[in-house]
Every structure is written in C-alpha cells, then in structure tokens.
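Engineer: fold the following.
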Amino acid sequence: MLKLNNTHQINQSKNNEKIKAETKRLNHLISVVKSEQKAVDDILNQSAELKNDENILSEDKASLDKLEQKANNYQSLKSYKKESENLLELISVHNQREEQLKTVATTLKDKNLSAQDKSQLDKLVLEIKKAKKVSDIEDKMSEISTALETAQSNIQTKNEVDDKKAQLNSTVKSAQSLLSDTYISAADKTLIQESID
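Structural biologist: Residues are numbered from 1 along each chain as shown. Next up is the predicted model:
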C-alpha cells in the first residue's frame with residue numbers, strides 16, 4: 001500500500017510539474033501576444049493620426065488603409081513593424097512637405113517676390129516633388145526652408161523700401177503744393193525746390 005501511495009505521489013508531483021511548466025509557457029505566450037498587440041495598436045494609432053492630417057495625399061491614405069488591413073494577418077511582427085515604420089515615416093514626411101508647399105504657394109503669389117527668389121522656389125518645388133526617399137525629401141525641405149526665409153526677408157525689405165518711397169512721394173507732393181502757395185517767401189521756395197530736386 002505504501003508503494004502504491006508513493007507511486008501516486010510521484011505521479012501527482014509529475015503532473016504538478018507539467019501543470020506549472022504549461023502555466024509558465026502560457027503566461028509567456030500571453031505576454032508575447034500582449035506585447036505584439038500593443039505594437040500593432042501603436043502602429044494603427046499612428047496610421048489614424050496620419051490619415052486625419054489635413055495634408056494627407058490620397059495615395060498615402062490608400063497605403064495606410066492597406067497597412068491597417070495587414071494588421072489582421074501579418075506573418076511576422078518584426079517584418080510588419082519594419083514595413084509599418086518605413087511607411088509611417090514616409091507619409092509623415094509627405095504631410096510635412098505638403099504643409100511646406102502651401103507656404104511656398106503663398107509666397108509665390110506675393111507681388112513683391114523677386115524673379116530670382118521665384119525661380120529658386122520653383123526649382124526646389126519641382127525637386128521635392130521628384131524626391132522619393134525620406135532623407136531626400138527632408139534635405140529638400142531644408143533647402144526650401146532656407147529659400148523661403150531668404151524670399152520672405154527680401155519681400156519684407158522690398159515692402160519697407162516701397163513704404164519709404166511712398167512716404168517720400170507724399171512729402172514731395174506736399175512740398176510741390178507749397179511751391180504754388182503765394183504766402184511763402186522766395187527764399188523758402190528756393191529751399192523747397194532744391195530739396196525736391
């Protein structure tokens with residue numbers, strides 16, 4: 001009876017060991033699944049944010065839709081994450097580019113934009129639209145930022161010069177109207193005429 005009881009205890013102990021091992025394995029699996037789910041949720045949240053951006057291109061929106069569909073049946077989280085990160089980064093840069101191009105379009109419409117600045121901005125706009133890689137787009141965005149700063153500074157300078165010219169013209173007109181005034185001395189008229197000339 002004692003031998004049977006020992007066998008029963010040994011079997012019970014082995015079963016307990018198997019249950020513990022299986023529980024440990026299942027807990028690890030649950031942890032992995034939760035981690036994967038969080039990673040996929042993060043990707044889907046970033047995708048949703050990008051899709052809601054006012055600068056999203058229709059082809060980028062379609063790419064994000066495909067990415068979201070793949071979330072239900074990816075083969076490897078590692079490859080899905082890599083593909084997602086690359087696509088999300090590219091679309092984020094596309095959105096930034098579109099925002100910058102709006103600023104360029106506004107600047108190109110300014111009547112005081114010089115021909116040289118216009119030519120430079122037009123050239124850079126064509127180049128950034130051809131750029132495909134994130135790094136190339138970012139490089140062109142940097143160049144456009146510099147060109148925009150220069151163009152906007154030149155526009156501001158021209159506006160200031162135009163304002164000064166307008167003030168000068170107004171002063172000259174006032175002085176000319178004084179020349180025809182009969183109550184001004186000849187000496188003052190001479191001084192005014194010399195200042196105008």
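Engineer: in the protein, what spans have low per-residue confidence?
Structural biologist: 1-11, 178-179, 181-182, 188-189, 192, 197 (pLDDT under 70).
Engineer: how about the helices of it, start to end?
Structural biologist: All helices of the chain, identified by DSSP state H, fall at 2-51, 58-70, 77-108, 115-130, 134-179, 186-196.
Engineer: export the ones you listed as CSV, with columns for mean neighbour count.
Structural biologist: (Each C-beta comes from the backbone N, C-alpha and C, glycine too.) Shown next, in CSV, are those (neighbours: other Cβ atoms under 10 Å):
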stretch, mean neighbour count
helix 2-51, 11
helix 58-70, 14
helix 77-108, 16
helix 115-130, 14
helix 134-179, 13
helix 186-196, 12
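Engineer: name the nearest residue to the residue nearest to the spatial centre of the chain, sequence neighbours excluded.
Structural biologist: By Cα atoms, centre = their mean, the chain has its centre lying nearest to residue 96, at 2.2 Å. The shortest distance from residue 96 to any non-neighbouring residue, by Cβ to Cβ, 6 or more residues apart in numbering, is to residue 141 (6.6 Å).
Engineer: picking up where we left off before, ok, the residue nearest to the centre of the chain touching residue 140?
Structural biologist: No. Applying Cβ atoms under 8 Å as the test, residue 96 and residue 140 come out as separate, 11.1 Å apart.
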